[in-house]
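Asks: have a look; sequence and predicted model below, questions after that.
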Amino acid sequence: MTHWLQPLTAAALGLTLFAAQAQAGDLQSQRVDNRQARQSHRIDQGVESGQITPVEQARLEQQQRHINRLEGRTEADGQVTGKEAVRMEKAQDRASHKIRRTKHNRRTAG
């Protein structure tokens, strides 16, 4: 490869890597948003069925708001690191588990 092509090749590679990282961040954000929507729907279903009391609903929704704030902070710099993605996933895992436990405890609304 001639010397004048090397900087162009390096620049093209850099742009490709940047685009791939941006796309991965977008996919991560979309996954988080989709999961948040599913979890909110599960909470709504629990309320409608009477499986979740108003007090439980408030606590679960507070946890969802916390996750939304965490997502905002994570994405604020425009880049989601692997460590940040794992942290988001674990927060959503805990919320999902709490929703399930709440829906299947013996407390009922009404």
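Replies: The structure has been received and is ready for your questions.
Asks: what's the helix or strand for the most centrally placed residue in the chain?
Replies: Nearest residue to the geometric centre of the chain (C-alpha atoms, centre = their mean): residue 32, 2.5 Å. Using DSSP states H and E, residue 32 sits in helix 5-49.
Asks: give the next helix or strand downstream of that helix.
Replies: Past helix 5-49, the next helix or strand by DSSP H and E is helix 54-75.
Asks: for the helix or strand that that following helix is followed by, packing partners?
Replies: Downstream of helix 54-75, the next assigned helix or strand under DSSP H and E is helix 82-103. Other elements packing on helix 82-103 under the criterion 3 or more C-beta pairs under 8 Å, 6 or more residues apart in numbering; DSSP states H and E are helix 5-49, helix 54-75. Bear in mind the C-beta positions are built from the backbone N, C-alpha and C, glycine included.
Asks: in JSON lines: those, plus mean pLDDT and distance to residue 104.
Replies: JSON lines is the format used below for those (pLDDT from 0 to 100; distance: least, C-beta to C-beta, whole Å):
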{"stretch": "helix 5-49", "mean pLDDT": "78", "distance to residue 104": "9"}
{"stretch": "helix 54-75", "mean pLDDT": "95", "distance to residue 104": "12"}
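Asks: TSV please, covering the ones you listed and showing distance to residue 86.
Replies: Putting these into TSV (distance: least, C-beta to C-beta, whole Å) gives the following:
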stretch	distance to residue 86
helix 5-49	11
helix 54-75	11
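Asks: residue 92 is nearest to which of the ones you listed?
Replies: Across those, residue 92 has its closest neighbour in helix 5-49 (5.4 Å, C-beta to C-beta).
Asks: I'd like to know how far the residue nearest to the centre of the chain sits from residue 90.
Replies: 12 Å (C-beta to C-beta, to the nearest Å).
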